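Undergrad: Please work out how this folds:
(chains A and B)
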2 protein chains.
Amino acid sequence: MNKVSGLTFLLLLSIFSNISAQQEDAFFIRTIYDTALLDGSAYDWLDALTNEIGPRLSGSTGAAAAVEYGKQMLDTLGLDSVWLQPCMVPHWVRGDQEIVKIVNSHKMGSMTLKALALGNSVGTGPRGLTAEVVEVKSLDEVDKLGRDGIAGRIVFFNRPMDPTQLNTFRAYGGAVDQRALGASRASRYGAAAVLVRSMTNKLDDVPHTGGLRYEADVLPIPAIAISTNDAELLSELLRDEVIRVYMRSTCQLLEDKLSYNVIGEIRGSEKPEEIILVGGHLDSWDVGTGAHDDGAGCVQSMEVLRLLKKLNYQPKRTIRCVLFMNEENGLAGGRAYSEYALKNNVFHLAAIESDRGGFTPRGFTCDGDESIFKKKFKKVNEWLPLLEPYGLQLEKGGSGADISGLKPQKGLLFGFKPDSQRYFDFHHTPADVFDVVNERELALGAAAMTTLVYLIDFYGL
Amino acid sequence: MNKVSGLTFLLLLSIFSNISAQQEDAFFIRTIYDTALLDGSAYDWLDALTNEIGPRLSGSTGAAAAVEYGKQMLDTLGLDSVWLQPCMVPHWVRGDQEIVKIVNSHKMGSMTLKALALGNSVGTGPRGLTAEVVEVKSLDEVDKLGRDGIAGRIVFFNRPMDPTQLNTFRAYGGAVDQRALGASRASRYGAAAVLVRSMTNKLDDVPHTGGLRYEADVLPIPAIAISTNDAELLSELLRDEVIRVYMRSTCQLLEDKLSYNVIGEIRGSEKPEEIILVGGHLDSWDVGTGAHDDGAGCVQSMEVLRLLKKLNYQPKRTIRCVLFMNEENGLAGGRAYSEYALKNNVFHLAAIESDRGGFTPRGFTCDGDESIFKKKFKKVNEWLPLLEPYGLQLEKGGSGADISGLKPQKGLLFGFKPDSQRYFDFHHTPADVFDVVNERELALGAAAMTTLVYLIDFYGL
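TA: A predicted model of the protein is given here:
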């Protein structure tokens, strides 16, 4: 009963009325929510991270400032230890504002499109390039067109996200291969460059950046995202005429830089060797200020530790917050963390990543090694009566990019799952700023994560 | 099987594979969602209603324009009938911009507060009034202070909404008596006027208006809402000093005006005498453009009829859309409608109101006469396996102000229940505009309502 020392009321209630364990849990969870809503820190932290520090692309001064800020904030929480875990991160810089221009349309004349180079992309060089555009809807279509249809051209990937998917992440997953691998595929057939339709359901003028990956054996070619409205326009023009486009970008990949994951923990009193990790990623894109992606996940993860301390909860297991570096364009932090954990047998009983925005919580996705998943997931589902009053459901599904490397340890991996409808309005754009995050929604997410951490800590898996 | 004539695929599927009724339902519901998301009209209608017509306070030109617009839009849907139902509505006008000013603080000097007169309030007259402020947290506290503590003073109602309520409507319900009845209570003891803390969980500079009701036997006194930040400030000042406030408002209640509920229906093919009503309210406050409150509910209700027509669904029962007038400051439309229904035995098997904003759907609240509720609600719950994949739950709870008068008919009354976290950021303020409504969230609400209408129509209650 001393799991909540300080909550004398609970103690007395339990002595005099024999309340059940489930009532105790329900009471403690209610206290977590009340504290998050009445006396939360997540929103203020996010304000500082986005409005004072700003964009935090790996290798940038903003990213370095965010590492220092994260460490300083964790230092204020009275944790058992706070430290930095080094990792070498790619240092990509955007350079000049991109230019993408239709140069010869009979219908439209010359026209500038709303554009953002994709992260990790090479630039066109300062003089730019001009080529004929060929539109495709998939990587396969590039293969079909072959060298005859592709060589020397700009390949325009224009398959939209599927708006009928209720879970917008599923729609994203069904379209993002174009952004991630389109340049590599087009390069195999001698393309000059690629344009990619922005990853959003919204029809608007906001281009969305995001990472691409050049396969090892291809010549890197420039890749730029254009807004969905401009993608629709370009596609319409291509129906009737040959369109040539001028592209200019001066982005480049500089030398790798030293950066860090930021880590803080409360050491477990009974099983300190079993770690329950909560985390988000500290880096963001260079446009916007990464408020939903993933400032929200970072401050929620810090808030989990703050709430447990504030409620004088002494965990049995070690509760560790990790603010990962470089999720957006390399995953260097996530890889460094998994390597350290696997190499040193630092066992993660569970890990929870919040990287789907600071919206109203709907529950958690859950993943794990096949050999243990069914049994452990069943146990977690026994907690549903405690979670459902807060609108939280559980489902099988991927957890988070930064923690997925821990899967071989055979703990459970969770992804915090907020409502997904608005996420891709902001994702990887200048619009992902503090003002589009709602204070209550953010706080409810932190409370949901704290609740799950508490249940895993108290009952094990 | 001809419930979906035109969906040949479904027909063939059913003939050749003996698919179950539930699979058929699931397929049709999926089609409803796909159509709402791919080819919805709700968002465009809301754009016109808010950005072209604008505010729609009862008795205003905007309200008259909205009646005409609603009718014209329903006329485009090929319904069996569209008509206007007259009702006399109060015609309250705000007059000049309100002034609320602290006049004598030693700490702050003279200071203007962010203020909006409450709807239906009398004005102070053009010269305004100045009086000492007394802060209370409840109507009861006014009784306790009595004439000695209240007479000649401005009573400042400052009990906040409870932020720990996850359902913000419950928090609103726990505080709104101050706005609705504070002026009447204070007037009984001779108060000069009242100030009311705005109804929101947010601490900001935006005052929220809303209706008050003068009890028949009291002298009407002026009532003005101030922003939560200003309420906090005023409360802090009152701890240390006597504060006098100057209030000026020129609002007034003019003569009642003729207005209308806008009604359109698809006549049932088998039981036309059983009506399933969907509705929202067409009027709004004079500040903002009533996008969430309740433009969203109106366009969603219209969309239910449009979707059913678009999918060639021929209902067994009569599906009726009602855009109610004057929910905000009188409920004249709702009363006129219920009176007509009760007097003429126009039986409503079910009624669904959407008046909690255009946010991501979470389900429906359900209400009904005690004699029938349990049995009918049980039947509705049998549909949960069809609703849950769309994040929809069912719970016992109030339906909507406009339809609650239908309860004696012993049908079921539903309130559409979207996520409530952001609603009171905008409610009754200049910030309730088109741009704070998300297209997908709005469309999902229309699809959820259409789904429930379909199930009630096909299976009865």
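
Undergrad: How are the strands of the stretch 151-300 of chain A distributed by residue range?
TA: A:154-157, A:193-197, A:223-226, A:244-248, A:252-266, A:271-281 (DSSP state E, counting those that start in this stretch).

Undergrad: I'd like the distance from the last one to the chain centre, please.
TA: Relative to its parent chain, strand A:271-281 has a centroid offset of 18 Å by C-alpha atoms, centre = their mean, to the nearest Å.

Undergrad: Next, the angle from it to strand A:252-266.
TA: 140 degrees (axes from the mean of the first three to the mean of the last three C-alpha atoms, to 10 degrees).

Undergrad: can you pull the alpha-carbon coordinates of strand A:271-281 into CSV?
TA: Output of strand A:271-281 as CSV, limited to C-alpha atoms (Å, rounded to 0.1, in the frame of the first residue of the first chain):
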residue,chain,number,x,y,z
LYS,A,271,13.4,-4.6,-10.1
PRO,A,272,15.6,-1.8,-11.3
GLU,A,273,17.0,-4.0,-14.1
GLU,A,274,13.6,-4.0,-15.8
ILE,A,275,13.2,-0.8,-17.7
ILE,A,276,10.0,0.8,-18.9
LEU,A,277,10.9,3.4,-21.5
VAL,A,278,8.8,6.4,-22.6
GLY,A,279,10.1,8.6,-25.4
GLY,A,280,9.6,10.9,-28.3
HIS,A,281,12.1,12.4,-30.7
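
Undergrad: quick revisit: which of the strands of the stretch 151-300 of chain A sits closest to residue B:446?
TA: Closest approach to residue B:446 among these (C-beta to C-beta): strand A:193-197, 26.7 Å. For the C-beta atoms, the positions are set from N, CA and C on the backbone; glycine is no exception.

Undergrad: Strand partners (parallel or antiparallel) of the closest one?
TA: When pairing is defined by DSSP bridges, strand A:193-197 lines up against strand A:154-157 (parallel), strand A:223-226 (parallel).

Undergrad: Now do the first one, average pLDDT.
TA: What it means is strand A:154-157. Averaging pLDDT along strand A:154-157 gives 98.

Undergrad: any idea how far it is from the chain center?
TA: With C-alpha atoms, centre = their mean, you get 27 Å for strand A:154-157.

Undergrad: Could you measure from residue A:329 over to residue A:210?
TA: Distance, residue A:329 to residue A:210, using C-beta to C-beta, to the nearest Å: 9 Å.

Undergrad: Please apply the same query to residue A:235.
TA: Counting by C-beta to C-beta - residue A:235 and residue A:210 are separated by 20 Å.

Undergrad: more neighbours, those two?
TA: Legend: neighbour count by other C-beta atoms under 10 Å in any protein chain shown for residue A:235 and residue A:210, higher for residue A:210 (22 against 16).

Undergrad: The more buried one contacts residue A:429, correct?
TA: No: look at residue A:210 against residue A:429 with C-beta atoms under 8 Å: they stay out of range, at 9.7 Å.

Undergrad: check contacts around residue A:83.
TA: Taking C-beta atoms under 8 Å, 6 or more residues apart in numbering or on different chains as the contact definition, residue A:83 lies against A:263-264.

Undergrad: Flag every buried residue along whichever strand or helix holds it.
TA: Using DSSP states H and E, the element containing residue A:83 is strand A:81-93. Residues of strand A:81-93 classed as buried by neighbour count (16 or more other C-beta atoms under 10 Å in any protein chain shown): A:82, A:84-85, A:87-92.

Undergrad: hmm, which two among the residues you listed are most spread apart?
TA: Top of the distance list for these (C-beta to C-beta): A:82 and A:92, 28.7 Å.

Undergrad: and the spatially closest residue to residue A:342 that is not a sequence neighbour, helix, strand or coil?
TA: Of all residues not flanking residue A:342 in the chain, residue A:408 sits nearest, at 6.5 Å (C-beta to C-beta, 6 or more residues apart in numbering or on different chains). Classification of residue A:408 by DSSP: H, G, I helix; E, B strand; the rest coil places it in helix.

Undergrad: count of neighbours near residue A:408?
TA: Residue A:408: 10 surrounding residues under other C-beta under 10 Å.

Undergrad: Next one: the most centrally placed residue in chain A from residue B:160, what distance?
TA: Chain A has residue A:355 as the residue nearest its centroid, 3.6 Å off, counting by C-alpha atoms, centre = their mean. From residue A:355 across to residue B:160, the span is 33 Å (C-beta to C-beta).

Undergrad: quick revisit: how far is the next helix or strand after the strand holding residue A:83 from where the chain is centred?
TA: Using DSSP H and E, the next helix or strand after strand A:81-93 towards the C-terminus is strand A:99-105. What separates the centre of strand A:99-105 from the centre of its chain is 33 Å, taken as C-alpha atoms, centre = their mean.

Undergrad: who does strand A:99-105 touch, helix- and strand-wise?
TA: Judged by 3 or more C-beta pairs under 8 Å, 6 or more residues apart in numbering or on different chains; DSSP states H and E, strand A:99-105 is in contact with strand A:109-113, helix A:228-240, strand A:244-248.

Undergrad: for the strands of the stretch 151-300 of chain A, which one sits closest to residue A:365?
TA: strand A:271-281 (14.8 Å).

Undergrad: What pairs with that closest one, parallel or antiparallel?
TA: Next to strand A:271-281 in the sheet, as set by DSSP bridges, lie strand A:317-324 (parallel), strand A:348-353 (parallel).

Undergrad: interface residues of chain A facing chain B?
TA: Residues of chain A lying close to chain B (C-beta under 8 Å from any C-beta of the partner chain) are A:33-34, A:37-38, A:163-164, A:166, A:168, A:201-202, A:360, A:362, A:390-391, A:419, A:421-422, A:425, A:438-441, A:444.

Undergrad: Please, a ChimeraX command that selects the buried ones among the residues you listed?
TA: Those of these that count as buried under 16+ other C-beta under 10 Å are selected in ChimeraX with:
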select /A:33,37,163,166,168,201,202,360,362,390,391,419,421,422,425,438,439,440,441,444
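
Undergrad: Just checking: what are the partner strands of the strand holding residue A:83?
TA: strand A:252-266 (antiparallel).

Undergrad: For the strand it pairs with, buried residues please.
TA: For strand A:252-266, the neighbour count (16+ other C-beta under 10 Å) marks A:253, A:257, A:259-266 as buried.

Undergrad: for stretch A:267-283, same thing?
TA: A:268, A:274-283.
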